[in-house]
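Participant: Sequence and predicted structure below; questions after.
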Amino acid sequence: MKIVDHLESFSLNGYSVVTMGTFDGVHVGHQAILRKLVEEAKANDGSSILITFWPHPGFILKKDTNLRLLSTFNEKAELIESLGVDYILKIAFTPALSQVSADEFVKKVLLEKVNTKKLFIGYDHHFGNNREGNIEFLKSKASDYGFQIQEILKQDIDSIGVSSTKIRNALMEGDVAFAKSLLGRNYTIKGRVVHGEKNGRKMGFPTANIQIEDFYKLLPADGAYAMRALFGDKKYGGMVNIGLKPTLKGSQRTIEAHLFNFEADIYDKELTIEFIKLLRKEIKFNSMEELKRQLEIDKSEAQKILA
């Protein structure tokens, strides 16, 4: 798969099957669409192309300052590549782009750059200035543009019963198991291991303190989770806590992972966390001793879940 982020020097002349959208999380609904995209392209000996905008338009238009995403661009690209898509067109979203008319966007991008022959488009997808571009707009101009339109119907999406919003809501409730059923995989975060206060080590539970660089990456609800950690090419069972550590009077939200049967020094290394199941929501304990007893209970429960 090729990622194209310099549209000016890019062009395709063959049979192009195209879709557009943010595809945040690349959930099972997105996967179904992208498989159809790839199948259609192969059937016509052509190319499958996903057009997406980055940064997310919500960050530029600032309609929702609390917007958090299920995937970074790199995570999204890896998932899309695994489905066999040939190209991702990564178009920089700017205030100027938001003023481009839908007709101009179709002509300059869909026609001139990628030679679109078939467009897969959601029933509720909008693009162009004032969101004027939609399925009805495209249908009315289909003969002028000269490409076929494959509408992704509401009933098709509803039958799958999945949306990025539904997944975000599940994660914000700590229901990582339900989120997995909609994503088709465990929800993950990735970050660098940094030095912490080492309170966990004092209680016999040394933790890797994880720092995520992408501020917009959604974290599940505060609490303790059974998890698997990917380090290098190996996975380790463990548990991870997200929250303010109220027992220790913490003031900043942290991510602290305890890996079972693991002794290596991983400071400044990258660690990927897969959330398996919520053990409990974050609570304040009356003492360090009470917290330590709960950690023993958490560990036992996590080991049962991971087994």
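Facilitator: On my side now, so go ahead.
Participant: contacts, neighbours, all on C-alpha from now
Facilitator: Fine.
Participant: need the strands for the protein, in chain order.
Facilitator: Using DSSP state E, the strands of the chain run over residues 2-4, 16-20, 47-54, 87-92, 116-122, 148-152, 188-194, 208-211, 223-231, 234-243, 254-259, 270-281.
Participant: Switch those over to a markdown table; also include mean neighbour count, mean pLDDT and distance to L67.
Facilitator: Below are the strands of the chain laid out as a markdown table (neighbours: other Cα atoms under 10 Å; pLDDT from 0 to 100; distance: least, Cα to Cα, whole Å):
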| stretch | mean neighbour count | mean pLDDT | distance to L67 |
| --- | --- | --- | --- |
| strand 2-4 | 14 | 97 | 25 |
| strand 16-20 | 24 | 97 | 20 |
| strand 47-54 | 22 | 96 | 14 |
| strand 87-92 | 19 | 96 | 18 |
| strand 116-122 | 21 | 95 | 22 |
| strand 148-152 | 16 | 92 | 25 |
| strand 188-194 | 19 | 97 | 17 |
| strand 208-211 | 22 | 95 | 19 |
| strand 223-231 | 23 | 97 | 21 |
| strand 234-243 | 21 | 96 | 19 |
| strand 254-259 | 22 | 96 | 19 |
| strand 270-281 | 21 | 97 | 21 |
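Participant: Export those to TSV and append columns for distance to H27.
Facilitator: Formatted as TSV, those follow (distance: least, Cα to Cα, whole Å):
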stretch	distance to H27
strand 2-4	20
strand 16-20	15
strand 47-54	15
strand 87-92	17
strand 116-122	15
strand 148-152	15
strand 188-194	13
strand 208-211	25
strand 223-231	20
strand 234-243	23
strand 254-259	24
strand 270-281	16
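Participant: looking at those strands, which is closest to A307?
Facilitator: strand 234-243 (9.2 Å; Cα to Cα).
Participant: what about that closest one, distance to the chain center?
Facilitator: Put simply, strand 234-243 sits 19 Å off its chain's centre (Cα atoms, centre = their mean, to the nearest Å).
Participant: which residues touch that strand?
Facilitator: For strand 234-243, contacts defined as Cα atoms under 8 Å, 6 or more residues apart in numbering pick out 220-230, 252-260, 262, 282, 298-299, 302-303, 306.
Participant: Let's test this: mean pLDDT of stretch 64-72, rounded?
Facilitator: If you average the pLDDT over stretch 64-72, you get 89.
Participant: Return the set of buried residues in that stretch.
Facilitator: Within stretch 64-72, the residues that count as buried by 16 or more other Cα atoms under 10 Å are 68-72.
Participant: that older thread, nearest to L110, out of the strands of the chain?
Facilitator: strand 116-122 (5.4 Å).
Participant: Partner strands of the closest one, with direction?
Facilitator: Paired neighbours of strand 116-122 in the sheet (DSSP bridges): strand 16-20 (parallel), strand 148-152 (parallel).
Participant: quick one, what contacts the residue nearest in space to the middle of the chain?
Facilitator: Taking Cα atoms, centre = their mean, the centroid of the chain lies closest to S71, which sits 2.1 Å from it. Going by Cα under 8 Å, 6+ apart, S71 touches 24-25, 217.
Participant: what do you get if the cut-off is 6 Å, keeping everything else the same?
Facilitator: When contacts are counted by Cα atoms under 6 Å, 6 or more residues apart in numbering, S71 touches 24-25.
Participant: mind pulling up the phi and psi values for it?
Facilitator: Main-chain torsions, S71, degrees, to the nearest 10: phi -150, psi 140.
Participant: Tell me the spacing between it and R201.
Facilitator: 31 Å (Cα to Cα, to the nearest Å).
Participant: In TSV: the buried residues of stretch 64-72, plus distance to H30.
Facilitator: Shown next, in TSV, are those (distance: Cα to Cα, whole Å):
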residue	distance to H30
R68	18
L69	15
L70	13
S71	13
T72	16
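Participant: Looking at the residues you listed, which two lie furthest apart in space?
Facilitator: R68 and T72 (10.1 Å).
Participant: can you pull up the bridge partners for the residue nearest to L278 when sequence neighbours are not counted?
Facilitator: Counting by Cα to Cα, 6 or more residues apart in numbering, Y225 is the residue found nearest to L278 once chain neighbours are left out, at 4.4 Å. Under DSSP bridges, the beta-bridge partners of Y225 are V240, L278.
Participant: Could you tell me which residues make contact with E78?
Facilitator: Here E78 is in contact with no residue (Cα under 6 Å, 6+ apart).
Participant: try 10 Å this time
Facilitator: With contact set as Cα atoms under 10 Å, 6 or more residues apart in numbering, E78 has these partners: 1, 26.
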